[in-house]
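**Student:** Attaching a predicted model along with its sequence, questions to come.
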Amino acid sequence: VQLVESGGGLVQPGGSLRLSCAASGFTFSNYAMGWARQVPGKGLEWVSGIYSDGSTYYTDSVKGRFAISRDDAKNTVYLQMNHLKPEDTAVYYCAPRWGLSFEYDYWGQGTQVTVSS
């Protein structure tokens, strides 16, 4: 299993970013994909998930601002982040285990998102 996140960066409050996660080593279309984030000194937090049927879920703090999508032909999951806030600053990770425990051996390197003026 390989998960490669990209698209992070430094953005001002109110700005937007689009994260991508390219996956390989498993049957992507069979799995509910999730985006999680981690602030230094804190644990991982699930942010958004998308099932194989396209059903989407968001934690309350990002509802209405973030949009998750997937392209099964490209084995890629995306996270469009709009109206970013300083509290969105974190390292973002994807994994084929939306809503499950964070005990997982195949986390990628993550992508840093920093929201600051």
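**Tutor:** Ah, there it is.

**Student:** now the spatially most central residue of the chain: how far from residue 85?
**Tutor:** Nearest to the geometric centre of the chain sits residue 35, at 2.7 Å (CA atoms, centre = their mean). Applying CB to CB, to the nearest Å, the value for residue 35 to residue 85 is 16 Å. The way it works is simple: take the backbone N, C-alpha and C, and place the C-beta from them, glycine included.

**Student:** got it, and residue 63?
**Tutor:** Taking CB to CB, one finds residue 63 at 13 Å from residue 85.

**Student:** Tell me where the protein has strands.
**Tutor:** Secondary structure of the chain by DSSP state E: the strands cover 2-6, 9-11, 17-24, 33-38, 44-50, 56-58, 66-71, 76-81, 90-95, 111-115.

**Student:** Give me the local confidence score for the residue nearest to the centre of the chain.
**Tutor:** On pLDDT, residue 35 comes in at 98.

**Student:** So what sits opposite it in the bridge?
**Tutor:** Applying DSSP bridges to residue 35 gives these bridge partners: residue 48, residue 94.

**Student:** which residues does it contact?
**Tutor:** 19, 21, 46, 47, 48, 49, 68, 77, 79, 92, 93, 94 (CB atoms under 8 Å, 6 or more residues apart in numbering).

**Student:** Alright, calling it a day.
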